[in-house]
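1. Here is the input, now give the coordinates:
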Amino acid sequence: MFCKRGVDNYKRPLIDFSDYRRSVVIAGTGRSGTTWLANIVNYANTHRFMFEPFHPERVDVVSHFRYRQYLRYDNCERAFIEPARIILSGRIKNDWIDKLNRKSISRSRLIKDIRINLLLKWIKTHFPEVPVILLLRHPCAVANSKLQLNWDSPIEEYLTQEELTEDFLAPFRDKIEGARDIFEKHVFLWCIENYVPLRQFAEDQIHTAFYEDLCVAPEQEIERLFSFLGERYDKKIFDVFKEPSVLCRENSPVLCKRELTEDFRNYITTKQVRRAIEILSLFGLDRIYLEDSAPLVSGKRDPFAL
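-> This is a model prediction of the structure:
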C-alpha cells in the first residue's frame, strides 16, 4: 500500500518484507534527540529508517488521526489498528517517511516518531512483539531548542481530547491552561508527553533512555540499549557519536556531547530553570530531573513508579 502524499516523486528502489514483529519504535518529545538515537541503533544500516510515519499531515493512511493522538490501550477500533499495522509492517512508503532511509531491501524497520508518546501503550498492547524505546532529555534543554527554532507548543491538542483529560490530565488542567509564556508551555508539553507513557508502562515493558547518559556514558548506555533489543553491536557504533543529527538546528554550536547537556544554560535563566522544576513537581517528574542536567534515575529501565 502506498501513501499518496509524497509518493509521486518517490523513485528510489525499496523492498520491505512486511512483518510488524521486525520493527523497533523510538519515541520522544520533539528536540530530545530521537533522530540521533535512531542513527545509533541503526549505525550499521540494518533497518529501514521510517521517519515519523504517524504524521497525519504527511501520511494519508493516518490522516484521520489527531496531530498528537491519544488512545486508550484497549481501543480496538479498526480505523486505528489497521493503519498502525500497515506502518509497523512497512507496507507504506513516501518521500516523507523514507527521507532518511538508506536501505533498499529490508526485513526490519526502525520507526522514529515524536508525536506518538501517547500512543505507545496502545501500540504495545496491540503489537506486543514490537520493542519500544522512550528517549528523555532535560526539559529545559528541550524547551531551549524549541525556542531557538520558534516552535509553537500546541497544548490544546491534548486538552481537547476528552479521554486523555479523564485518564490523566484533569488534575493538572488549570495549571496547564495557566501557563504564563511559551517557555512554560514547552515545559508543560514535555511533562504531558512523558508523564503519560511513564504512568502506563511497567518495568521491562519499555526501554527508557536518557540523552544525557548517552552523551556522558555512551559505552554503558549502548550496552543497556542493545541488551534490551537483543542485538549485537561493534565498536563502529561509536562513530555515530562524532556526528550531529541531520536535524540539528543550523546555529547549533559545535560542542562535544558532554557540553551539549549544559548548553541550554547559555539561554535559559536560573529563574526559568527553577520554574521548570516547579512544573515538573506537579507531575512527580522531579523524581527524574531537577536543576542539574543529569537525570536522577540513570541506568534504570523503570525510572520511577508514579
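2. any chance you could map the strands in the stretch 101-250 of the chain?
-> 105-106, 109-113, 132-136, 207-210 (DSSP state E, counting those that start in this stretch).
3. Mean confidence (pLDDT) on the last one, please.
-> The average pLDDT for strand 207-210 rounds to 96.
4. any idea how far that strand is from the chain center?
-> 10 Å (C-alpha atoms, centre = their mean, to the nearest Å).
5. Render the CA-only coordinates of that strand in PDB, please.
-> Presented in PDB, the C-alpha positions along strand 207-210 are these (Å, rounded to 0.1, in the frame of the first residue of the first chain):
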ATOM      1  CA  HIS A 207      13.200   0.900  27.500                       C
ATOM      2  CA  THR A 208      13.800   4.400  28.900                       C
ATOM      3  CA  ALA A 209      16.900   6.100  27.600                       C
ATOM      4  CA  PHE A 210      18.300   9.400  28.600                       C
END
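6. Residue 63: which of the strands of the stretch 101-250 of the chain is closest?
-> strand 109-113 (15.5 Å; C-beta to C-beta). The way it works is simple: take the backbone N, C-alpha and C, and place the C-beta from them, glycine included.
7. Could you look up the next helix or strand downstream of the lowest-mean-pLDDT helix or strand in the chain?
-> One helix or strand of the chain scores below all others by mean pLDDT, DSSP states H and E: helix 257-260, with a mean of 71. Downstream of helix 257-260, the first helix or strand assigned by DSSP states H and E is helix 270-283.
8. which other helices and strands contact that next one?
-> When contacts are defined as 3 or more C-beta pairs under 8 Å, 6 or more residues apart in numbering; DSSP states H and E, helix 270-283 packs onto helix 139-148, helix 182-200.
9. Ok, which of these comes nearest residue 71?
-> So among the helices and strands packed on helix 270-283, helix 182-200 is nearest, using C-beta to C-beta, at 11.2 Å.
10. If you compare the directions of that closest one and helix 270-283, what angle comes out?
-> Counting by axes from the mean of the first three to the mean of the last three C-alpha atoms, to 10 degrees, helix 182-200 points 30 degrees away from the direction of helix 270-283.
11. and the angle from helix 182-200 to strand 132-136?
-> 150 degrees.
12. Report the rounded mean pLDDT for helix 182-200.
-> According to the model, helix 182-200 has a mean pLDDT of 98.
13. Residue numbering should commence at 384 henceforth.
-> Done: numbering now begins at 384, and the last item shifts to helix 565-583.
14. what's the burial count for the nearest residue to residue 518 once chain neighbours are set aside?
-> In this structure, residue 518 finds its nearest non-sequential neighbour in residue 411, 3.7 Å apart by C-beta to C-beta, 6 or more residues apart in numbering. Residues within reach of residue 411, counting by other C-beta atoms under 10 Å, total 29.
15. so where's the chain shaky on pLDDT?
-> Applying pLDDT under 70 to the chain flags residues 384-394, 627-641, 682-689.
16. ok so, going back, now the strands of the stretch 484-633 of the chain as JSON lines including mean neighbour count and distance to residue 469?
-> Formatted as JSON lines, the strands of the stretch 484-633 of the chain follow (neighbours: other C-beta atoms under 10 Å; distance: least, C-beta to C-beta, whole Å):
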{"stretch": "strand 488-489", "mean neighbour count": "16", "distance to residue 469": "15"}
{"stretch": "strand 492-496", "mean neighbour count": "25", "distance to residue 469": "12"}
{"stretch": "strand 515-519", "mean neighbour count": "24", "distance to residue 469": "18"}
{"stretch": "strand 590-593", "mean neighbour count": "24", "distance to residue 469": "24"}
